[in-house]
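Student: Next input, structure requested:
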Amino acid sequence: MNNNFLAMEKTIHDFAQELYFRNEAATDLVEKDEQKDLLHFDRSGVEELQEIAGILKDFCQPQVRAILEVSEDANKTDLDQKLLQNQSHQLLQNYANLEKLVAYAEKQAEQKNKKLSKQWLELKENLAKMNINQIEDIEKTTKSMS
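Tutor: Numbering: from 1, shown residues only. Predicted coordinates for the structure are as follows:
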């Protein structure tokens, strides 16, 4: 078994685990904002938030969960550059989606002349702390190998 492959899979697993919890937090925040908009009878905001929550629950979370499951069994997997490339690409997409979601929340707060809630700020800060560069490096490395 290639130690480099296992190291990359461990990095992917650790990042995916963090991302999974960030997705959970984002889903909770979106649902909370959705409830607030319902209380204020803001139908357009509710529809957008429902769509975002659906994407997080139905697409992002299952994708990250699948990456976690595969990377947990990396020592039973044959060296597979395409697998690493796909995993890293999907994680980068999910990460970018969460960044866009935070930007959306900032824009919505700004339109209402408010600041981001403490929870949204915490999510933004936690995303910034994640080591996205490692995942980008894995994607670049695996692309150059194929």
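Student: any low-confidence regions in the chain?
Tutor: Residues of the chain meeting the criterion pLDDT under 70: 1, 38, 40-46, 146.
Student: longest helix in the protein, by residue count?
Tutor: Longest helix of the chain, by residue count under DSSP state H: helix 3-39.
Student: Show me what that helix is packed against.
Tutor: helix 43-55, helix 61-72, helix 81-111, helix 118-129, helix 132-145 (3 or more CB pairs under 8 Å, 6 or more residues apart in numbering; DSSP states H and E). For every residue, glycine as well, the C-beta is placed using N, CA and C.
Student: helix/strand/coil for the spatially closest residue to Ala109 that is not a sequence neighbour?
Tutor: In space, Ala109 comes closest to Leu116 once its chain neighbours are excluded; the distance is 5.2 Å by CB to CB, 6 or more residues apart in numbering. Under the three-state scheme (DSSP: H, G, I helix; E, B strand; the rest coil), Leu116 adopts coil.
Student: Quick check: phi and psi on Leu116?
Tutor: phi -60, psi 140 (degrees, to the nearest 10).
Student: got the contact list for it?
Tutor: Leu116 makes contact with Ala105, Glu106, Ala109, Lys124 under the criterion CB atoms under 8 Å, 6 or more residues apart in numbering.
Student: Can I get stretch 117-125 as PDB, trimmed to CA atoms?
Tutor: Provided in PDB are the C-alpha atoms of stretch 117-125 (Å, rounded to 0.1, in the frame of the first residue of the first chain):
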ATOM      1  CA  SER A 117     -25.600  36.500  13.800                       C
ATOM      2  CA  LYS A 118     -23.000  35.100  16.200                       C
ATOM      3  CA  GLN A 119     -23.600  31.600  14.700                       C
ATOM      4  CA  TRP A 120     -23.100  32.700  11.100                       C
ATOM      5  CA  LEU A 121     -19.900  34.500  12.100                       C
ATOM      6  CA  GLU A 122     -18.700  31.400  13.900                       C
ATOM      7  CA  LEU A 123     -19.400  29.300  10.800                       C
ATOM      8  CA  LYS A 124     -17.600  31.800   8.600                       C
ATOM      9  CA  GLU A 125     -14.600  31.800  11.000                       C
END
